[in-house]
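Chemist: Sequence first, then the predicted structure:
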Amino acid sequence: MGFDVKIRVLGAHNLETADARHTCFLVNDVLAIDAGSLMTALTPRERDGLEAVLLTHRHYDHMRDLPSLALATMDNGATVSLYGLPDTLDALSSRLLDGLLYPNFTQRPTAERPKYRLHPIAPGQTLMAMGATGAAGLEARAAAMPHGAPAVGYVLRSSRGAAAFSGDTGGGLHALLSDPFRPSLLFVEVTFSNAAAARARGAGHLAPSLLEAELAAALARGLPVPKIVAVHMDQRHEEAIRRELAGVSSSLGVDIVPGAEDSEFLI
């Protein structure tokens, strides 16, 4: 029998402020996608329930809470699996968990039962049956995304359906939209408004006009475009982003909604 997959948006912005958090997701209470809001958005009990984290790339806002999360859950005896590109995991090990800024939690509390176990992945790789409880039976496939650092997005599938997560990207949505898992929901970054589209393009990010071009190309190829949830928004641009996304939605006939902290979706 199939099971629903609950996706909670822990953060929908590119910066943490008094009313915004870094883009981050929680799936079925046990699997996180990126780690920038795991301390600020989750209760102690929810943190203890985490089994695995899928990391999209090495930038700080996507890995920030891993050292604090390890300290906060050190005594629960559970090992958390961290999946990411070798570049991502190398940066995590050599910068955040280097034994100087924070302890090396890939060896502590013991080498046999560390807080974190690192799992290098490659684009195109499928991760099977992730987690032991709420994430059991989930498959995740990584897809290369163009960004300022080596990056991947993920397509997550259960027996009921699939959702895709772009991570930070300047495009490349075809890889997610054409995935055989056929996502019915796509969480995609839209960091800047159209006024800053050139800046977005140069930094490997999206603006509504750039997203429109990606989606129009997909539709021209005959690819289905699922419901889209825009995240990683810069609050300074958010009013314009929302207005411009509404225009893209109307022009292309695609369902596009801005993400919000603590909103939930089911697939």
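Modeler: Okay, I see it.
Chemist: so what pLDDT did the residue lying closest to G11 once chain neighbours are set aside get?
Modeler: Leaving aside its chain neighbours, G11 sits nearest to R21 (3.1 Å; criterion: Cβ to Cβ, 6 or more residues apart in numbering). Glycine gets a C-beta too; all of them are placed from N, C-alpha and C. Per-residue confidence (pLDDT) for R21: 98.
Chemist: again, but for A129
Modeler: Predicted confidence (pLDDT) for A129: 54.
Chemist: ok, now I121?
Modeler: Confidence at I121, expressed as pLDDT, is 97.
Chemist: repeat for T133
Modeler: Value for T133, per-residue pLDDT: 45.
Chemist: Please apply the same query to V190.
Modeler: 98.
Chemist: Show the contacting residues for it.
Modeler: Neighbour list for V190: L206, A207, P208, L211, A230, V231, H232, M233, I241, L245 [criterion: Cβ atoms under 8 Å, 6 or more residues apart in numbering].
Chemist: about what we covered before: isn't the residue nearest to G11 right up against G36?
Modeler: Yes: the criterion here is Cβ atoms under 8 Å, and R21 meets it with G36 at 7.2 Å.
Chemist: These two - which one has more neighbours?
Modeler: A count of neighbours by other Cβ atoms under 10 Å puts G36 above the other of R21 and G36, at 26 against 22.
Chemist: that older thread, among the contacts of V190, name the ones in helices.
Modeler: Among these, the ones falling in helices (DSSP state H) are P208, L211, I241, L245.
Chemist: out of those, which are buried?
Modeler: Burial by neighbour count, judged by 16 or more other Cβ atoms under 10 Å, picks out P208, L211, I241, L245 from these.
Chemist: Can I get those in TSV including pLDDT?
Modeler: Listed next are those as TSV, based on pLDDT from 0 to 100:
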residue	pLDDT
P208	98
L211	98
I241	98
L245	98
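Chemist: Turn the residues you listed into CSV, columns for distance to H13.
Modeler: Output for these, formatted as CSV (distance: Cβ to Cβ, whole Å):
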residue, distance to H13
P208, 16
L211, 17
I241, 11
L245, 15
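Chemist: What distance do you get for the closest residue to Q125 other than its chain neighbours to V152?
Modeler: Spatial nearest neighbour of Q125, chain neighbours left out: A142 (5.4 Å); criterion: Cβ to Cβ, 6+ apart. From A142 across to V152, the span is 4 Å (Cβ to Cβ, to the nearest Å).
Chemist: mind listing what A32 touches?
Modeler: So A32 contacts L10, C24, F25, L26, L38, L50, A52, V53, L54 (Cβ under 8 Å, 6+ apart).
Chemist: Point me to the helix or strand that includes it.
Modeler: Following DSSP states H and E, one finds A32 within strand 31-33.
Chemist: Direction included, what does that strand pair against?
Modeler: strand 24-27 (antiparallel), strand 52-54 (parallel) (DSSP bridges).
Chemist: quick one: contacts of the longest one?
Modeler: It stands for strand 24-27. So strand 24-27 is contacted by 5-11, 32-38, 41-42, 46, 62, 135, 138, 156, 165, 187 (Cβ under 8 Å, 6+ apart).
Chemist: List only buried entries from those residues.
Modeler: Buried subset of the contacts of strand 24-27 (neighbour count, 16+ other Cβ under 10 Å): 5, 7-11, 32-38, 41-42, 62, 135, 138, 156, 165, 187.
Chemist: distance between stretch 152-166 and the chain's centre?
Modeler: Centre-to-centre, stretch 152-166 and its host chain are 10 Å apart (Cα atoms, centre = their mean, to the nearest Å).
Chemist: Stretch 140-158 now?
Modeler: 9 Å.
Chemist: same deal with stretch 50-58?
Modeler: Its chain's average C-alpha position is 8 Å from that of stretch 50-58, according to Cα atoms, centre = their mean.
Chemist: Next, give phi and psi for the closest residue to F265 other than its chain neighbours.
Modeler: Nearest non-adjacent residue to F265, counting by Cβ to Cβ, 6+ apart: I7, 4.7 Å away. Torsion angles at I7 (phi, psi; degrees, to the nearest 10) stand at phi -110, psi 120.
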